[in-house]
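J.: what follows is a predicted structure for the sequence shown.
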Amino acid sequence: RNAPENSIQAIENCIKMGVDIVEIDVRMTKDSVLVLMHDSELNRTTTGKGKISEWTLDSLNTIFLRNGQYRATRHKIPTLEEAMLISKGNILVNLDKCSDYMDLAHIVLEKTGTVGQVIFKGLKDINMVRKQYGGLLDEIIYMPIIRKTTPQLDSHVDDFITEYKPVAFEVLYNTDDSPMFEVITTIKKSGSRIWVNTLWESLCGQHDDDFAVSNPDDSWGWVIKHGANMIQTDRPELLLKYLRKKGLHE
C-alpha cells in the first residue's frame with residue numbers, strides 16, 4: 001500500500017518496519033530470468049502490456065511499475081536476485097508462484113546465500129512435496145496449506161508432522177465455527193506454528209484486514225485468540241502497532 005507491489009521499495013519498507021516475513025511473487029522472462037511479478041501479464045502493475053513470458057529482461061527494463069492508484073512510478077521490475085540480496089540477513093521471504101521455476105530459483109538462492117531464508121507454501125501432500133522438491137526440501141522452509149476440503153485432512157496433517165515437522169501450517173477457514181479449529185489444536189500440540197491469512201474475509205472466517213482497520217480486536221485479536229501466531233496481512237504497519245501494544249511483538 002506504500003509502494004508498488006513486488007518492488008524493492010516494498011521490501012525495504014517491510015525491513016524498516018520490522019516485519020518478519022515478506023511475500024513476493026516470481027515469474028520468468030522470455031530469456032529465462034526470474035523477476036518479481038504477481039500477474040502473468042504486465043498490464044495491471046506496469047506501464048507495459050502483454051505476457052511477461054514474451055518480454056526479455058532488457059525489454060522489461062524500459063518500463064515502470066505502477067502504484068496502487070495505477071499511476072506510473074520510477075520503480076523498475078526487480079529480478080529475484082536483486083530482491084534476495086536486499087532481503088539477505090534482514091527478512092524472511094515467502095516465494096509465491098515459484099513452483100514451476102524451482103531449479104532456477106534454487107540457483108539464485110544458492111548464489112545469494114539465502115536458501116535458508118526462504119519459505120515455500122503449497123497444498124500438496126508430503127509425498128508429492130518430496131517428489132517436487134527433492135533434496136531441496138531439507139534446505140528450505142516448507143509450509144503446508146490446509147483447509148476443510150484438503151483430501152484426508154487428518155492423515156495429511158499427521159504425515160507432515162511425523163515425516164517433516166513443518167515450522168508452520170497455513171490454515172484457511174471461511175467461518176468462525178469451522179472444524180479447522182480442531183486441527184489447529186493438533187498442530188499446535190506438535191510444536192508447529194499457525195499461519196493465518198487475513199488479506200480477505202474468506203480466508204479467515206470474516207476477520208480480515210479491512211475489518212481490522214476499525215475493529216482490530218475482532219479481527220487480528222480474534223484470529224490470535226483462536227490459534228494464530230503468524231499473520232499474513234496487507235496492512236503490516238497497523239498490525240505491528242497492534243501486536244506491540246499487546247506485547248506480542250518486539
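T.: Okay, I see it. The structure presented is a predicted model; accordingly, all values stated were derived computationally and were not measured. Numbering: from 1, shown residues only.
J.: only C-alpha atoms from now on, for both contacts and neighbour counts.
T.: Noted.
J.: for the helix or strand containing Cys14, give the mean pLDDT please.
T.: Assigned by DSSP states H and E, Cys14 belongs to helix 8-17. For helix 8-17, the mean pLDDT works out to 98.
J.: distance check, Pro78 against Lys121.
T.: 22 Å (Cα to Cα, to the nearest Å).
J.: same thing with Ile146?
T.: Distance of Ile146 to Lys121, given as Cα to Cα: 10 Å.
J.: partner strands of the biggest strand by length in the chain, with direction?
T.: In the chain, with assignment by DSSP state E, the single longest strand is strand 21-28. Take DSSP bridges as the rule and strand 21-28 pairs in its sheet with strand 34-36 (antiparallel), strand 92-96 (parallel).
J.: any idea of the angle the last one forms with helix 8-17?
T.: It stands for strand 92-96. Angle, strand 92-96 to helix 8-17, by axes from the mean of the first three to the mean of the last three Cα atoms, to 10 degrees: 140 degrees.
J.: name the residues that touch stretch 53-66?
T.: With contact meaning Cα atoms under 8 Å, 6 or more residues apart in numbering, stretch 53-66 is reached by 4, 7, 27-31, 33, 40, 44-48, 72-77.
J.: quick one: His75 is in a helix?
T.: No - counting by DSSP: H, G, I helix; E, B strand; the rest coil, His75 is not part of a helix but coil.
J.: residue contacts, it?
T.: With Cα under 8 Å, 6+ apart, His75 has these contacts: 4, 7, 64-65.
J.: with distance to His207, secondary structure and neighbour count as extra columns, can I get those residues in CSV?
T.: Listed next are the contacts of His75 as CSV, based on distance: Cα to Cα, whole Å; DSSP: H, G, I helix; E, B strand; the rest coil; neighbours: other Cα atoms under 10 Å:
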residue, distance to His207, secondary structure, neighbour count
Pro4, 25, coil, 25
Ser7, 28, coil, 22
Phe64, 35, coil, 19
Leu65, 31, strand, 27
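J.: in the helix holding Cys14, what's buried?
T.: Buried residues in helix 8-17, counted by 16 or more other Cα atoms under 10 Å: 8-15.
J.: among those residues, which one lies nearest to Cys204?
T.: Distance to Cys204, by Cα to Cα, is smallest for Cys14 among these, at 22.7 Å.
J.: which residues touch the closest one?
T.: 22, 236.
J.: let's see it at 7 Å
T.: When contacts are counted by Cα atoms under 7 Å, 6 or more residues apart in numbering, Cys14 touches Val22.
J.: could you check how far it is from Ser32?
T.: From Cys14 to Ser32 the distance is 28 Å (Cα to Cα).
J.: go on, Ile140?
T.: 22 Å.
J.: now the helices: where do they sit in this structure?
T.: 8-17, 57-60, 80-87, 102-112, 126-133, 153-163, 180-190, 209-214, 220-225, 236-245 (DSSP state H).
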